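Engineer: Below: sequence and its predicted model.
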Amino acid sequence: MQDDGRIEEIIKTIKNIEDSNLSVREYFDQNIVPFTRPQYYIYRKTLRKYGEEGLRDKRSSGNNTKLTQRIKDYIIPVVTENRSISSSQLQSRIQNQFDINISLSNLNNFRASATLTRLPPPPKKECEQQKSGGGEILTALSFFTHITDLYTQTIIERINEVRESSLFKQNENIPQDNPDYRQQGKFTREYNQLESVRENRFKSIDDKILTKNLSTMNIFTMSEKTIYRYNLALLCLPLVTSNGKSSRVNRVKGNDLAFLCGQNYKDASLERYLQELKYLKISDKLIAATAKFWQDFWQTEFWDETYFICYYIDGNTRPLWSSNRCYKGKVTMLGRVMNCLENVFIHDGKGHPLYFQTFHGHADLGKHALGMLTKLTKLLDSPEAHASVKRILVFDGGGNGVKTLRAFDNSDEYYLTILDDNQVKERKIKHIRPETEYKYGTASLVDCRIELRDSLEKDYIHECRAVIVKWDNGKRSVLITDIPRELLDASEVTKRYFDRWPQQEKQFRDAKSGVNIHRIVGYGKKIEKYDRMDEKHGLLCETITNLNLKLEKPLIKIEAIEEQLAPLYSKERKLREKSRSF
């Protein structure tokens, strides 16, 4: 109440001064005023800015501190979140937030009263920079697609099958062979020179496994996590070997495995793991599981993909090289390129590799391709689907032999391939239809039939449908197929074949270069000079030149005779069209 009376007196006095005709100085000289002239100006300014509330005496509430409750509410969560923040940093934050400069002593006193004193910062963890040549991308993709999980589960299932087999229990008590010739479990020179060891070294796995004590293999004692790490390490081999330029992991680059898969595996560990997988005979299960996995994966990524009418078959030859004497059948002779290993891949209509097998030597597509497709069909076809889908196997000129084509005679699948120039003879073409324009490009098409002679059976003639593609740039291609005209016309047949390049060939070329499928592998590689071969090549070139000069006139006469035989060729074609091939 006393404060209210003081405020009324101040307001009344200020009003009297403003209402009088005297100046402020004259009023103070002639009248008794309860405050001084400077205080008058202060009171009037406060009254205009804050009103009557500004004239109230607040000394009873304590000092007029800058550290208001609002600022305290700001300080508490900031310091609680970061107890190592200094008072000077906190002072700068308050200055930026509220435009108020609070002394460091006030801040320290408040932090002490609120039990928010500064704590020493935690030690910084030093992060080691790992370099793996983009290996993180590969491992991230394996985690995203769960492909390594598939490998691990398939191997574990196979391990359990082998453990329960009769052969595993039967060979469990077989002792080590020739222990006297070993040194602390390692093979010695004397052991490797034993006649029994040298005879059995190159036997097939089917023969070796009969006398193998499978229980001694490390893989039967590995945990699921360990097998997963091994699989991840094998997946990263193209990276740590610089895409196959290095044949060993025991190099500086190989240390990246410690970062990529959690264990710095060496050559011996990975080689033993692969050998034990070989004794498990895991390849068929892994290939089948991988094919099913990728089919499901691509259907998930591209939901519109269900069944594909086209399957592209492509082979990749991997010659082996050795400068040492090796077992017959692995390398033919000293320092020469051997019998090859050929990987045959089956791609879907979008170019995705679905299935593959490796063959020793040249892979006979007629003998193996249909079997591969039958396995693939069993893996990919849904039991609930009742629709019958006709499949077209598209392969390049490397598999266009008559033996391969004859294998499709009693098959439900169709083939589509291309002929080489030396396989096309005009006299073998019959039932020629009128030229039509290619719907999907600049070319004209001729639908006809062609007769092909089997090189293994001279008396056998294979007749099939052919599409002659005459490109506008002057080139010509001849496609052969057993697809009926009612199913696909000449334009559709041509498009199905030449879609191989954008859909499969280019993608496969880029993919196999990334995982080093195309590189020559082996050991003891070196560059050799083939002087004898150079001499033979020079002699052949000289012989061809001499023969061309010697046979110039006879060749001109032959051309003239062929022009005379042209009408007879036309009659021959009509007779061929009336005849039937058996």
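Structural biologist: Structure's in. What do you need?
Engineer: mind giving me the domain ranges of the protein?
Structural biologist: 2-61, 69-113, 135-174+212-281, 284-521, 533-578 (automatic domain parsing).
Engineer: Now tabulate these in JSON lines and tack on mean pLDDT, mean neighbour count and distance to R189.
Structural biologist: Yep, even glycine has a C-beta here, placed from its N, CA and C like the rest. Converted to JSON lines, those look like this (pLDDT from 0 to 100; neighbours: other Cβ atoms under 10 Å; distance: least, Cβ to Cβ, whole Å):
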{"stretch": "domain 2-61", "mean pLDDT": "83", "mean neighbour count": "12", "distance to R189": "100"}
{"stretch": "domain 69-113", "mean pLDDT": "87", "mean neighbour count": "14", "distance to R189": "65"}
{"stretch": "domain 135-174+212-281", "mean pLDDT": "86", "mean neighbour count": "16", "distance to R189": "18"}
{"stretch": "domain 284-521", "mean pLDDT": "73", "mean neighbour count": "16", "distance to R189": "16"}
{"stretch": "domain 533-578", "mean pLDDT": "83", "mean neighbour count": "10", "distance to R189": "37"}
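Engineer: what residues does the host helix or strand of D149 touch?
Structural biologist: Taking DSSP states H and E as the definition, D149 sits inside helix 147-163. Helix 147-163 has contacts (Cβ atoms under 8 Å, 6 or more residues apart in numbering) with 142, 168, 214, 219-220, 224, 227-228, 231-232, 235, 277, 280-282, 285-286, 289-290, 293.
Engineer: Name the secondary structure element that contains L479.
Structural biologist: strand 476-481.
Engineer: Identify the neighbouring strands of that strand in the sheet and state each direction.
Structural biologist: strand 414-418 (antiparallel), strand 461-471 (antiparallel) (DSSP bridges).
Engineer: CSV please, covering these and showing distance to E552.
Structural biologist: Listed next are the strands paired with strand 476-481 as CSV, based on distance: least, Cβ to Cβ, whole Å:
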stretch, distance to E552
strand 414-418, 33
strand 461-471, 31
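Engineer: So for L22, which of those strands sits nearest?
Structural biologist: strand 461-471 (115.4 Å; Cβ to Cβ).
Engineer: and the closest one, C-alpha only, in PDB?
Structural biologist: C-alpha atoms of strand 461-471 as PDB (Å, rounded to 0.1, in the frame of the first residue of the first chain):
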ATOM      1  CA  ILE A 461      20.800 -83.400 -94.300                       C
ATOM      2  CA  HIS A 462      19.100 -81.100 -91.700                       C
ATOM      3  CA  GLU A 463      16.400 -78.800 -93.000                       C
ATOM      4  CA  CYS A 464      15.200 -75.800 -91.100                       C
ATOM      5  CA  ARG A 465      13.600 -72.400 -91.500                       C
ATOM      6  CA  ALA A 466      16.000 -69.500 -92.400                       C
ATOM      7  CA  VAL A 467      15.600 -65.800 -92.400                       C
ATOM      8  CA  ILE A 468      18.000 -63.800 -94.700                       C
ATOM      9  CA  VAL A 469      18.600 -60.300 -93.400                       C
ATOM     10  CA  LYS A 470      19.800 -57.900 -96.100                       C
ATOM     11  CA  TRP A 471      20.900 -54.700 -94.300                       C
END
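Engineer: starting at the chain centroid, how far to that strand?
Structural biologist: Distance of strand 461-471 from the chain centroid (Cα atoms, centre = their mean, to the nearest Å) equals 38 Å.
Engineer: which residues sit against that strand?
Structural biologist: By Cβ under 8 Å, 6+ apart, strand 461-471 touches 402, 405-406, 419, 429, 435, 438, 442-454, 476-485, 490, 493-494, 581.
Engineer: how many degrees apart are the following helix or strand past the strand holding L479 and strand 476-481 in direction?
Structural biologist: Using DSSP H and E, the helix or strand that follows strand 476-481 in sequence is helix 490-498. Helix 490-498 runs at 90 degrees relative to strand 476-481, counting by axes from the mean of the first three to the mean of the last three Cα atoms, to 10 degrees.
Engineer: Who are the packing partners of helix 490-498?
Structural biologist: strand 392-395, strand 414-418, strand 443-453, strand 461-471, strand 476-481 (3 or more Cβ pairs under 8 Å, 6 or more residues apart in numbering; DSSP states H and E).
Engineer: Please tell me how far L452 sits from E224.
Structural biologist: 54 Å (Cβ to Cβ, to the nearest Å).
Engineer: Ok, which of the domains of the chain comes nearest P120?
Structural biologist: domain 69-113 (6.6 Å).
Engineer: What's the biggest helix in the protein, counting residues?
Structural biologist: helix 552-578 (DSSP state H).
Engineer: what helices or strands is it leaning on?
Structural biologist: strand 429-430.
Engineer: Walk me through which strands the helix or strand just after the strand it packs on pairs with, and which way each runs.
Structural biologist: Next helix or strand after strand 429-430 toward the C-terminus (DSSP H and E): strand 436-437. Partners of strand 436-437 in the sheet, by DSSP bridges, are strand 443-453 (antiparallel).
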